[in-house]
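Engineer: Build me a structure from this.
(chains A, B, C and D)
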Amino acid sequence: MSGAPVTVRVQRDDFDLAAEVRALSASRHDIGAIVTFSGLCRDEAGSLSALELEHYPGMAEAEIARICKQAITRFGLQAATAIHRYGKILPGENIVLVVAASPHRQAAFDGANFIMDFLKTSAPFWKKEHAADGSSGGWVSAKDADDSARDRWSKS
Amino acid sequence: MSGAPVTVRVQRDDFDLAAEVRALSASRHDIGAIVTFSGLCRDEAGSLSALELEHYPGMAEAEIARICKQAITRFGLQAATAIHRYGKILPGENIVLVVAASPHRQAAFDGANFIMDFLKTSAPFWKKEHAADGSSGGWVSAKDADDSARDRWSKS
Amino acid sequence: MARVDLVYFAWVRERIGKAEETLELPDSVVTAGDLLAYLKTLGEEYETALEHENVIRVAINQEHVDHHEPIAGAREIALFPPMTGG
Amino acid sequence: MARVDLVYFAWVRERIGKAEETLELPDSVVTAGDLLAYLKTLGEEYETALEHENVIRVAINQEHVDHHEPIAGAREIALFPPMTGG
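Structural biologist: Down below sits the predicted model:
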């Protein structure tokens, strides 16, 4: 829906899932479904001590906003929120949050899924691993699977 | 994953999205993705004043738990939570919550989506509408679209 | 004769006019479908409630069953419309 | 000669050894691909950073572009590896 509110933030601090859902749904009674996606830092069976997230300020926000607006148009979302953290992130901590609201459930699922797939492949963020043994695990490589996940949205 | 924790509740009171996500993810560092689905009562452009949710106590919990366990096995979820409310629910209020956790994002999306599709078609709940003009809008009819949404999971 | 607890939900409950009852079923009632047919002989309210037999869902001991399934061993049989939760 | 701000991220930044710089580009640099080829003539660190040209992503004025696209009008050009956020 055009005019549907889009909230995009790129920030060092953690976010509050419930507060973001409330902000997006408060004082309206036409939302039937809200899907949230939280991406968290895994410890990779204890081998990872932290992730360091680098981003391209300005472009990161712009790309994510563009993706959210595409999702709103394509799936008829009533609202979309995307928050991406940067800096040092420890295992168990949040990295990214996506929230999609719609009158019906499948659009909310598809909208959040679409936003995540495109965010992963086109929002300018890069992850560096810090290994638990003190060494730098180096930069995370992009996965072909993420490109495939994105490309399935252009099939239908 | 067998042994993955399943939390199922059928209750009159509202639930707390953030608390449920915290309960499922606290003190573990192996979760990479958490998808939540919240189903809300829509006011149908002002024509609906409330929904009345009836359920079959005992069977409702058992069916939802069975569906969650299927999703855990099928998608390799690390944990699943499903909470369904009953009684009178006003527009803007929550009806149902599903939370799915997994190491990777698509499994979490698919797991939550699968649980919702089966919950809608096989968990023993029934909705009665109360119209804003004071009349009873009667019992909500089951939708063919919900059967189709469920049946797509047996295709692949 | 088998003694069984019957429970009804939503518009099945409203049309029959009660939420539950205990009945002695004749031996001729073998399947869930037989039960529906038998109940319809008990009065107009049952006839109205179960008019469209094919949409009525049956659960035995809190598990969904098809109409052709036997009810032997049932302690509790539930009849209800298609579900509309979620 | 066109004056343009260049910004580098992740291992492109680390290998070039700086996060940003302003360069005067010769008129022969027309496309994003030309820019990559030109930068590789500036020193070993650029050669190492941009060795696998095809994986380097380019953004002009904070929008993704393909290597064959012209850089005319660019105020800021960013070079970086494939993205790994989310």
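Engineer: make it CA atoms for all contacts and neighbour counts henceforth
Structural biologist: OK.
Engineer: Which positions are bridged to C:Glu24 in the beta structure?
Structural biologist: C:Arg3 (DSSP bridges).
Engineer: Quickly note the distance from it to C:His68.
Structural biologist: In this view, C:Glu24 and C:His68 are 20 Å apart by Cα to Cα, to the nearest Å.
Engineer: And the contacts of the worst-scoring helix or strand of chain A on mean pLDDT?
Structural biologist: Lowest mean confidence among the helices and strands of chain A (mean pLDDT, DSSP states H and E): strand A:136-139, at a mean of 85. Contacting residues not belonging to strand A:136-139 are listed as A:Trp126, A:Lys127, A:Lys128, A:Glu129, A:His130, A:Ala131, D:Ala10, D:Trp11 [Cα atoms under 8 Å, 6 or more residues apart in numbering or on different chains].
Engineer: Kindly report the same for stretch A:47-63.
Structural biologist: If you take Cα under 8 Å, 6+ apart as the criterion, stretch A:47-63 is touched by A:8-10, A:41-43, A:85-91, A:119, A:122-133, D:9-10, D:62-63, D:85.
Engineer: Check stretch A:120-133 too.
Structural biologist: Outside stretch A:120-133, the residues within contact range by Cα under 8 Å, 6+ apart are A:46-56, A:59-60, A:63-64, A:136-140, A:146-147, A:150, D:10, D:82-86.
Engineer: Look up the closest residue to residue 6, ignoring the ones flanking it.
Structural biologist: No chain in the question, so chain A it is. A:Ala80 (5.0 Å; Cα to Cα, 6 or more residues apart in numbering or on different chains).
Engineer: let's do chain C instead
Structural biologist: Taking Cα to Cα, 6+ apart as the measure, C:Leu6 lies nearest to C:Ile77, with 4.9 Å between them; neighbours along the chain are not counted.
Engineer: Enumerate every residue touching the one you found.
Structural biologist: The contact partners of C:Ile77, by Cα under 8 Å, 6+ apart, come to C:Val4, C:Asp5, C:Leu6, C:Val7, C:Val58, C:Ala59, C:Ile60, C:Asn61, C:Gln62.
Engineer: again with A:Ala33
Structural biologist: Neighbour list for A:Ala33: A:Ala101, A:Ser102, A:Pro103, A:His104, A:Arg105, A:Ala108, B:Phe37, B:Ser38, B:Gly39, B:Leu40 [criterion: Cα under 8 Å, 6+ apart].
Engineer: What is the nearest of those to chain D?
Structural biologist: Distance to chain D, by Cα to the nearest Cα, is smallest for A:Ala108 among the contacts of A:Ala33, at 18.5 Å.
Engineer: The closest one against A:Leu77, yeah?
Structural biologist: Yes - A:Ala108 is within contact range of A:Leu77, at 6.8 Å (criterion: Cα atoms under 8 Å).
Engineer: which residues are in contact with both of those two?
Structural biologist: When Cα under 8 Å, 6+ apart defines a contact, the residues bordering A:Ala108 and A:Leu77 alike are A:Ala100, A:Ala101, A:Ser102.
Engineer: Okay, and which of those residues map to strands?
Structural biologist: The members of the shared contacts of A:Ala108 and A:Leu77 that map onto strands under DSSP state E are A:Ala100, A:Ala101, A:Ser102.
Engineer: So how do I select the buried members of those in ChimeraX?
Structural biologist: This is the ChimeraX syntax for the buried subset of these, where burial follows 16 or more other Cα atoms under 10 Å in any protein chain shown:
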select /A:100,101,102
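Engineer: Dump the ones in strands among the shared contacts of A:Ala108 and A:Leu77 to a markdown table, plus pLDDT and distance to D:Ala72.
Structural biologist: Compiled in a markdown table, those are given as follows (pLDDT from 0 to 100; distance: Cα to Cα, whole Å):
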| residue | pLDDT | distance to D:Ala72 |
| --- | --- | --- |
| A:Ala100 | 98 | 38 |
| A:Ala101 | 98 | 40 |
| A:Ser102 | 98 | 41 |
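Engineer: Surely the residue nearest to A:Val6 touches A:Thr7?
Structural biologist: Yes - using Cα under 8 Å, A:Ala80 is in contact with A:Thr7, at 6.4 Å.
Engineer: higher neighbour count, these two?
Structural biologist: Using other Cα atoms under 10 Å in any protein chain shown, the more surrounded residue of A:Ala80 and A:Thr7 is A:Ala80, with 29 against 19.
Engineer: Which strand or helix spans that one?
Structural biologist: In the assignment (DSSP states H and E), A:Ala80 maps to strand A:79-85.
Engineer: Could you list the paired strands of the following helix or strand past that strand along with their orientation?
Structural biologist: Next helix or strand after strand A:79-85 toward the C-terminus (DSSP H and E): strand A:87-89. Each strand that strand A:87-89 pairs with, and the sense of that pairing, follows from DSSP bridges: strand A:48-55 (antiparallel).
Engineer: Give me the angle between the strand it pairs with and strand A:79-85.
Structural biologist: Put simply, strand A:48-55 runs at 120 degrees to strand A:79-85, going by axes from the mean of the first three to the mean of the last three Cα atoms, to 10 degrees.
Engineer: for strand A:48-55, the distance to its chain's centre please.
Structural biologist: 16 Å (Cα atoms, centre = their mean, to the nearest Å).
Engineer: and what of stretch C:64-83?
Structural biologist: 7 Å.
Engineer: Name the residues of that stretch that are buried.
Structural biologist: Neighbour counts over stretch C:64-83 (16+ other Cα under 10 Å) mark C:64-65, C:67, C:70-71, C:74, C:76-83 as buried.
Engineer: Then stretch A:66-86?
Structural biologist: When neighbours are counted by 16+ other Cα under 10 Å, the buried residues of stretch A:66-86 are found to be A:66-72, A:75-86.
Engineer: State the pLDDT value of the closest residue to A:Asp43 other than its chain neighbours.
Structural biologist: Spatial nearest neighbour of A:Asp43, excluding adjacent residues (Cα to Cα, 6+ apart): A:Pro91 at 5.0 Å. A:Pro91 carries a pLDDT score of 96 in this model.
Engineer: I'd say A:Pro91 and A:Cys41 touch.
Structural biologist: Yes - with contacts defined as Cα under 8 Å, A:Pro91 counts as touching A:Cys41 at a distance of 4.7 Å.
Engineer: hang on, the earlier thing: between the contacts of C:Ile77, which is closest to chain D?
Structural biologist: Taking these together and measuring to chain D by Cα to the nearest Cα, the closest member is C:Gln62, at 42.7 Å.
Engineer: Helices of chain C, residue ranges please.
Structural biologist: For chain C, applying DSSP state H gives helices covering C:10-16, C:32-39, C:44-49.
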